[in-house]
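Colleague: sequence and computational prediction follow.
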Amino acid sequence: MKASPLNELKGLGFELSGRFLLDRKKVKTELRAHARERGVYAFVVGESIRYLGETADNLKERAVQYSKPGPSQTTNLRVHRLMKKEIRGPGAACEIWFLSDQILEKGRLYLDLGRTRLVGTPDRSAVKRTLIARWDPNWNRR
């Protein structure tokens, strides 16, 4: 039986770090872990991975850019709009899963995704690109 993308994400070392909620029609960010860390993040609604990204700054700053995008931030505006459509119902949320650079730097990551293998200490961009190719999240631009 094939593992779900969310279970694969967990198996790679991603941890639930927070969520986006709708509060009076505004997207609100709640982070409870990894706020000051750099790495790769995934936005998950239900069991579905909707978006994969990376942050060279820290997760908190990057998450705020999605909840309050500036007028010139086209990717943030697009993801913000898509997120608002998904999290309208009561109790609905978009979870933020995170893989810290600290895990990547320790070389604890082993990705074997068919034809693509990343072993050792891949950088966050390589991890993000590989996972986007694997799962094809519908909020990532094609």
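Modeller: Great, that's in hand.
Colleague: state the mean pLDDT of stretch 30-47.
Modeller: Stretch 30-47 comes out with an average pLDDT of 95.
Colleague: how far off centre is that stretch?
Modeller: The chain centre lies 6 Å from the centre of stretch 30-47; the measure is C-alpha atoms, centre = their mean, to the nearest Å.
Colleague: over to stretch 76-86?
Modeller: The answer for stretch 76-86 is 14 Å, by C-alpha atoms, centre = their mean.
Colleague: and what of stretch 134-142?
Modeller: 11 Å.
Colleague: who touches it?
Modeller: Stretch 134-142 is contacted from outside by 5, 8, 42-43, 49-52, 75, 78-79, 82-83, 113-114, 116, 132, using C-beta atoms under 8 Å, 6 or more residues apart in numbering. Bear in mind the C-beta positions are built from the backbone N, C-alpha and C, glycine included.
Colleague: swap the cut-off to 6 Å and go again
Modeller: For stretch 134-142, the external contacting residues (C-beta atoms under 6 Å, 6 or more residues apart in numbering) are 5, 49, 50, 51, 52, 79, 82, 113, 132.
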